[in-house]
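Colleague: Test case, fold it:
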Amino acid sequence: MRTRFYTHPVCREHLTPPGHPERPDRLRAIVDRLDDEPFAYLERLEAPLGDEATILYAHPQHHLDKVKMSIPEDGMARIDEDTTVSPKSFEAALLAIGGANAAVDDVFSGEAGNVFVAGRPPGHHAEKDRAMGFCLFNNAAIAARHAQRKHGAERVAIVDWDVHHGNGTQDIFWDDPTVLYCSTHQMPLYPGTGARDETGVGNIVNAPLPPGAGSEAFREALNALVLPALDRFSPDLIIISAGFDAHWRDPLAELNFQTEDFDWATGVLMEKADRLSQGRLVSLLEGGYDLEGLSASVAAHVGRLMKG
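Modeller: Prediction:
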């Protein structure tokens, strides 16, 4: 089965202030790296515009309305001290959602074996009714609900290896036993959630790592906590919230993952998807702010997806 890659040029038109880490250059670095010869057979598609109605799978109407009202006609506007919107931000968000939902459609229809979506803005900090942490809407949560509503998935697992805890995804699925949320992340660190004892209704698995932790701690967390949870849950689909800011080069945290760790983690999740989910695996870009570390890590991740 082939690997598909979705992105869209408008996602680069979601603008942030000078010096902001979540910047358009992130997507440029990824696209440039995936133009290299090893990715010649990667199937590349423009992300389709998402349906606004699917936002309501994870967020209430008043949150959707509030975000739309915050979009300026020109310049930039702040939602909070970290989260900025510009005239194309809502369209970019719809494209990120559209790409995520199209990826779900692809793996359920058999059009692709697995899919990586490089969209902006990211999503895992967006709570039910709160945009925060660079995020407007929760792309992974919407995609999980899309899998359930359109394709009849009974159980969806989201594995989040971003260096920051996905408080938004945890908030949305806190009391929903049909979605498993597993996260490895640095703690203490923004946003301050993600302790081991935050377990929802038994569907939340947090594996916080201390500052300075590296490859051994990451692999132990996946082997000891995340992979057994996937076995117990037996999902119909695995979604990766693929942040690459735990890389040792990244400026926003203090974990020391190596590029090869993302290759390895991708491989073990593919093995679980093959055994539990008929191979269905969707990966959505979250963080990663050092351009060299980001592009190298994405290349390792996509390269492993393509190996099948």
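Colleague: Give me the distance from stretch 284-294 to the chain's centre.
Modeller: From the chain centre to the centre of stretch 284-294 is a distance of 11 Å (CA atoms, centre = their mean, to the nearest Å).
Colleague: Isn't Arg196 up against Pro208?
Modeller: Yes. Arg196 is within contact range of Pro208, at 6.5 Å (criterion: CB atoms under 8 Å). Bear in mind the C-beta positions are built from the backbone N, C-alpha and C, glycine included.
Colleague: Who has more neighbours out of these two?
Modeller: Applying other CB atoms under 10 Å to Arg196 and Pro208 shows that Pro208 carries more neighbours, namely 19 against 12.
Colleague: Can you show me the strands along this structure?
Modeller: 3-7, 43-46, 77-78, 84-85, 114-117, 156-160, 179-186, 204-209, 237-242, 281-285 (DSSP state E).
Colleague: Can you list the neighbours in contact with the last one?
Modeller: Which is strand 281-285. 30, 96, 100, 103-104, 107, 113-120, 122-123, 139-140, 143, 237-243, 266, 269-270, 273, 298, 301, 305 (CB atoms under 8 Å, 6 or more residues apart in numbering).
Colleague: Give me the sheet partners of it and which way each runs.
Modeller: Strand pairing for strand 281-285, determined by DSSP bridges: strand 114-117 (parallel), strand 237-242 (parallel).
Colleague: now the first one
Modeller: According to DSSP bridges, strand 3-7 has the following sheet partners: strand 43-46 (parallel), strand 114-117 (parallel).
Colleague: I'd like the average pLDDT over the first one.
Modeller: Summarised as a single mean, pLDDT over strand 43-46 is 98.
Colleague: Can you list the buried residues in it?
Modeller: Leu45 (16 or more other CB atoms under 10 Å).
Colleague: dump the residue contacts of the most centrally placed residue in the chain.
Modeller: Centroid-nearest residue in the chain: Ser241, 2.7 Å away (criterion: CA atoms, centre = their mean). Residues near Ser241 by CB under 8 Å, 6+ apart: 123-124, 140, 158-162, 166, 169, 183, 284, 286.
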